[in-house]
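Participant: structural data only, the sequence is not supplied:
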DNA sequence: AGGTTGTATATCATGATGATATAGTTTATG
DNA sequence: CATAAACTATATCATCATGATATACAACCT
């Protein structure tokens, strides 16, 4: 089985809702999707070109609401079909990469203060992440019943909240383990 | 700032502990690191070649304990220096990709049963993940004080436990939201 | 008029993924 | 004891993803 280009489906999914330019797509992803799947321009523009040649989307010229001229893309029936097929498939690859855990794993190379500082920094960053997503969640709750799509969006936001809380709980526990070490311990 | 090849540091970090072949490195990663950072052969062998030309590691011929002949790699002082520099840096990129959230985000395209089934499947998979990591954790706790490295390993395992628990909590909440429970929940 | 920010598209080198190719060794099975 | 299956071991490839940079025009302040 070859590697799946997930960007294809993100773009199709967004275009299924409304016509967008590459720039618009990037903005939408940054706001609503980047929390669990990031995509850059380097992936968006080449993928759009590929989608056009495969007749999954159409390319139109359009005046930019602000700034220079836009290329507006719209999904075709063929594209909609492929999108739906993909959403149907149960297959769920997921993958996470945490540099902090990598550096902690090799933490015996540096003094404990470095490791503690890293954890402290992680905790602060994600305290902010949590605040931000909870604000998002609050706003969403007010419009939860107005559109079906909002509920699905809400589920992804809820996921973020749970995970960020787990990050903070872990950070607290990790700090105590590293800092609160009395008795018989040899230094590095 | 150019893109960082993280695989370099994972390999250096492992070789700093003991000499290993590419195959050994892959196995070590799969057991101890893949939970928070996966690496495949396609990244390991080219990176090893690069490390040799940069004199960060040395390549020796060695008889395989089982099977065919091995190439055994050992870290140099230069490699050790680079490794330590990297561990010192506070910079912490992290990134996560959850296909399940992507598909849920576009969940209005399919019947709710599909979405529920997806969440149910996710929950089952990570119930297993949690059990596995808790077994790991139990084994580690018994040897926590014997070696300094074990504590750092323990911190990464602890992270996994917290995150998997968050996954399960979310899955339960998401299921209830989708299944359309009555407004007031009095119990759980 | 000039500088900053924002809009918009595109490309490139490098890194990462996932699969496959190749081949020798060990162990289980008929 | 032959041979198939499973494991050990290295390597490569096409494709996807990342992160940075290049280019250019429009809107906005001062």
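Facilitator: Okay, I see it. Quick caveat: nothing in here was measured; it's all calculated off a predicted structure.

Participant: please make it C-alpha for all contacts and neighbour counts, starting now.
Facilitator: OK.

Participant: for residue A:51, what are phi and psi?
Facilitator: Backbone torsions of residue A:51, given as degrees, to the nearest 10, read phi -60, psi -40.

Participant: just to check, it is in contact with residue A:8?
Facilitator: Yes. If you go by CA atoms under 8 Å, residue A:51 and residue A:8 touch, sitting 7.5 Å apart.

Participant: in this structure residue A:87 contacts residue B:111, no?
Facilitator: No. Taking CA under 8 Å as the definition, residue A:87 is not a contact partner of residue B:111, at 10.5 Å.

Participant: if you count what's nearby, which of those two comes out ahead?
Facilitator: Shown here are residue A:87 and residue B:111; by other CA atoms under 10 Å in any protein chain shown, residue A:87 has more neighbours (24 against 10).

Participant: who touches the more buried one in this structure?
Facilitator: Listed by CA atoms under 8 Å, 6 or more residues apart in numbering or on different chains, the contact set of residue A:87 reads B:103, B:106, B:107, B:109, B:110.

Participant: buried set for the strand or helix carrying residue A:12?
Facilitator: Using DSSP states H and E, residue A:12 sits within helix A:6-15. Neighbour-count burial for helix A:6-15 flags A:7, A:8, A:9, A:10, A:11, A:12, A:13, A:14, A:15 (criterion: 16 or more other CA atoms under 10 Å in any protein chain shown).

Participant: which parts of chain A are strands?
Facilitator: Remark: strands assigned in chain A by DSSP state E are A:20-21, A:57-62, A:70-75, A:94-98.

Participant: dump these into JSON lines; add mean pLDDT as well.
Facilitator: Shown next, in JSON lines, are the strands of chain A (pLDDT from 0 to 100):
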{"stretch": "strand A:20-21", "mean pLDDT": "96"}
{"stretch": "strand A:57-62", "mean pLDDT": "93"}
{"stretch": "strand A:70-75", "mean pLDDT": "96"}
{"stretch": "strand A:94-98", "mean pLDDT": "95"}
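
Participant: distance to residue B:93 and mean neighbour count for the ones you listed - can I get that in a markdown table?
Facilitator: Putting the strands of chain A into a markdown table (distance: least, CA to CA, whole Å; neighbours: other CA atoms under 10 Å in any protein chain shown) gives the following:
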| stretch | distance to residue B:93 | mean neighbour count |
| --- | --- | --- |
| strand A:20-21 | 29 | 21 |
| strand A:57-62 | 34 | 16 |
| strand A:70-75 | 32 | 20 |
| strand A:94-98 | 7 | 16 |
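
Participant: so which of the ones you listed is nearest residue B:126?
Facilitator: Proximity to residue B:126 (CA to CA) singles out strand A:94-98 among those, at 11.6 Å.

Participant: contacts for the closest one next, please.
Facilitator: By CA under 8 Å, 6+ apart, strand A:94-98 touches B:35-38, B:92-100.

Participant: between it and strand B:94-98, how big is the angle?
Facilitator: 170 degrees (axes from the mean of the first three to the mean of the last three CA atoms, to 10 degrees).

Participant: DNA strand D contacts on chain A?
Facilitator: Taking CA under 7 Å from any atom of the strand, the part of chain A that reaches DNA strand D is made up of A:2-7, A:38-43, A:66-68.

Participant: nearest to residue A:121 among those?
Facilitator: Nearest member of those to residue A:121, counting by CA to CA, is residue A:38, at 22.2 Å.

Participant: so which bits of chain A are right by DNA strand C?
Facilitator: So far as CA under 7 Å from any atom of the strand goes, chain A lies against DNA strand C at A:1-3, A:21-24, A:41-43, A:45-46, A:64-72, A:93.

Participant: can you select the buried ones among these for me in PyMOL?
Facilitator: To isolate the buried ones among the residues of chain A next to DNA strand C in PyMOL, judged by 16+ other CA under 10 Å, type:
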select buried, chain A and resi 21+22+45+70+72
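
Participant: do you know how far the residue lying closest to residue A:56 once chain neighbours are set aside is from DNA strand C?
Facilitator: For residue A:56, ignoring the flanking residues on the chain, the nearest one in space by CA to CA, 6 or more residues apart in numbering or on different chains is residue A:79 at 4.0 Å. The gap separating residue A:79 from DNA strand C is 19 Å, by CA to the nearest atom of the strand, to the nearest Å.

Participant: ok, now residue A:118?
Facilitator: 20 Å.

Participant: now do the phi/psi pair for the nearest residue to that residue once chain neighbours are set aside.
Facilitator: Spatial nearest neighbour of residue A:118, chain neighbours left out: residue B:90 (6.3 Å); criterion: CA to CA, 6+ apart. The phi/psi pair for residue B:90 (degrees, to the nearest 10) reads phi -80, psi -20.

Participant: where does chain A have low pLDDT?
Facilitator: The model of chain A has pLDDT under 70 over residues A:1-2, A:64-65, A:181-188.

Participant: quick one, domains of it?
Facilitator: Domain ranges of chain A: A:6-88, A:99-179, per automatic domain parsing.

Participant: any chance of those domains in JSON lines, plus distance to residue B:121?
Facilitator: JSON lines is the format used below for the domains of chain A (distance: least, CA to CA, whole Å):
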{"stretch": "domain A:6-88", "distance to residue B:121": "14"}
{"stretch": "domain A:99-179", "distance to residue B:121": "16"}
